[in-house]
Each structure stands twice: as C-alpha cells, then as structure tokens.
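[1] 3D model of this:
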Amino acid sequence: MPNHKSAEERVRRNERDNTKNRNYKKELRNTVKEIEKIKVKADAQGKLKELHALVDKMVTKGVLHKNKGANLKSTVALKVKAMN
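    Below is the predicted model:
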C-alpha cells in the first residue's frame, strides 16, 4: 500500500505501462505466428517488414532489449529465407 501521493501515481503508471507492454508483446507473438503460417515466400517477406518495424518500435520504447529484438528479427528472417 503506497504511503505517498507520488507512490500512488507510480502504481497507476506501472499498471498502465504493464498493460501496454503486454499488448505490444501479444501483437509481436501474433505477427511471428502469422509469418510462420504463410507458405509463400514473397508474402512472408512482406509480413517480415511489418515485424521489423514492430520490433524496432518496441526496442525504442524500451519494451524489448535491443539484443532480444535483433535476435528475434534474425531468427524469423532465417525461417523466411528457408521457405521454398
């Protein structure tokens, strides 16, 4: 239980930020799943651009660490490259 006004504000802020971060991460997971479901390489490459933009945005906002974002982008890119 917060004892100061600033602590109460921080609790509210943390809840709001946690909700935003959960939504970002859920969107990220859904995008990766969509890419893995796609069978056509050209379509997957288009969706890969969306993924790169989303990951870059999340890294900028501090939702993901920059190395985690880079690892994720390269892993999915390798999967797309391996498609026939």
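[2] Setting the sequence-adjacent residues aside, check what's closest to the residue sitting nearest the centre point of the chain.
    The residue lying closest to the centre of the chain (Cα atoms, centre = their mean) is residue 28, at 3.8 Å. Residue nearest to residue 28 in three dimensions, not counting chain neighbours: residue 54, with 6.0 Å by Cβ to Cβ, 6 or more residues apart in numbering. (C-beta placed from N, C-alpha, C; glycine too.)
[3] Residue 84 now?
    residue 41 (7.0 Å).
[4] which residues touch the one you found?
    For residue 41, the contact set (Cβ atoms under 8 Å, 6 or more residues apart in numbering) comprises 80, 83, 84.
[5] again, 10 Å this time
    If you count contacts by Cβ atoms under 10 Å, 6 or more residues apart in numbering, residue 41 has them with 48, 80, 81, 82, 83, 84.
[6] burial of the second one, as a residue count?
    Read it as residue 80. Here the count is done by other Cβ atoms under 10 Å, and residue 80 has 18 residues near it.
[7] Excluding chain neighbours, give the residue nearest to it in space.
    residue 44 is the one closest to residue 80 (Cβ to Cβ, 6+ apart), at 4.6 Å.
[8] who touches the one you found in this structure?
    34, 35, 36, 37, 38, 51, 76, 77, 79, 80, 81, 83.
[9] So what does the first one have for phi and psi?
    When read as degrees, to the nearest 10, the backbone of residue 34 gives phi -60, psi -40.
[10] Distance-wise, check the nearest residue to it once chain neighbours are set aside relative to residue 62.
    In space, and not counting its chain neighbours, residue 34 is closest to residue 47: 6.1 Å by Cβ to Cβ, 6+ apart. Plainly put, residue 47 is 25 Å away from residue 62 if you go by Cβ to Cβ, to the nearest Å.
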